[in-house]
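Asks: What follows is a predicted structure for the sequence shown.
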Amino acid sequence: MDNILNSLDEIKCAANVKGLKSYQSKRHHIYICNAYAGGSWVVFRGCAAAASNFSVGVSAHPSVYNESRFGGSEEALATAIRCPQLVLTAGNDRDNLKPSGKIIDILRCNADDGRGVTTEAKEYKDMAHGWVTRGNLSNPTVARDESNALERCLDFIDTHLYGRAGYDAF
């Protein structure tokens, strides 16, 4: 993982997010920023960008601490976010992203500041980092929590894009 993160180029990441936002502004229909683990750092960066057109951010077993690799802080990044966020953590993920953690508190304060940053956070205490994308689905507990996490993602997106709970877009 360190090799991958060390090969990331912040400027290229920012350019890719900027390119996606440019595409968004022309197409007016891409509003979701969804990722897992290290990709959640990109979700936070994209949703925090001053000119962001993202309407909702969804992160499972996030690794937002990667911001420090580029000289930033998770707290400053969270403070800049301007759209609703769903953050799903595993039992062994960092405490600052769990429901009572500092990053979640910052996101909730953003909502109090009138930015519309509704934040939902759920900890899956019995899960290990990575369970949504690479968990052993033959384990009934993992299968249950993976299914629940994906349903939460879809419901959150549906609620914040279409104003209703219960995913039925297809």
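Replies: Alright, I've got the coordinates. Residues are numbered from 1 along each chain as shown.

Asks: for the closest residue to residue 79 other than its chain neighbours, what are its contacts?
Replies: Nearest residue to residue 79, sequence neighbours excluded (CB to CB, 6 or more residues apart in numbering): residue 106, at 5.6 Å. C-betas here are computed from N, CA, C, even on glycine. Residues counted as contacts of residue 106 (CB atoms under 8 Å, 6 or more residues apart in numbering) are 75, 78, 79.

Asks: per-residue pLDDT, residue 106?
Replies: At residue 106, the model reports a pLDDT of 91.

Asks: three-state assignment of it?
Replies: helix (DSSP: H, G, I helix; E, B strand; the rest coil).

Asks: all helices of this structure, in order?
Replies: 2-7, 10-27, 39-48, 74-79, 102-110, 131-134, 140-162 (DSSP state H).

Asks: Could you report the distance from the residue nearest to residue 79 to residue 126?
Replies: Residue 106 is 27 Å from residue 126, where distance means CB to CB, to the nearest Å.

Asks: got it, and residue 43?
Replies: From residue 43 to residue 126 the distance is 24 Å (CB to CB).

Asks: Could you list the low-pLDDT ranges of this structure?
Replies: By pLDDT under 70, the low-scoring segments of the chain are 1-39, 50-52, 112-116, 163-170.

Asks: ok, 80 please
Replies: Applying pLDDT under 80 to the chain flags residues 1-41, 50-55, 110-117, 161-170.

Asks: hang on, the earlier thing: who has more neighbours out of residue 43 and residue 126?
Replies: Ranked by neighbour count (other CB atoms under 10 Å), residue 43 and residue 126 place residue 43 first, with 27 against 13.
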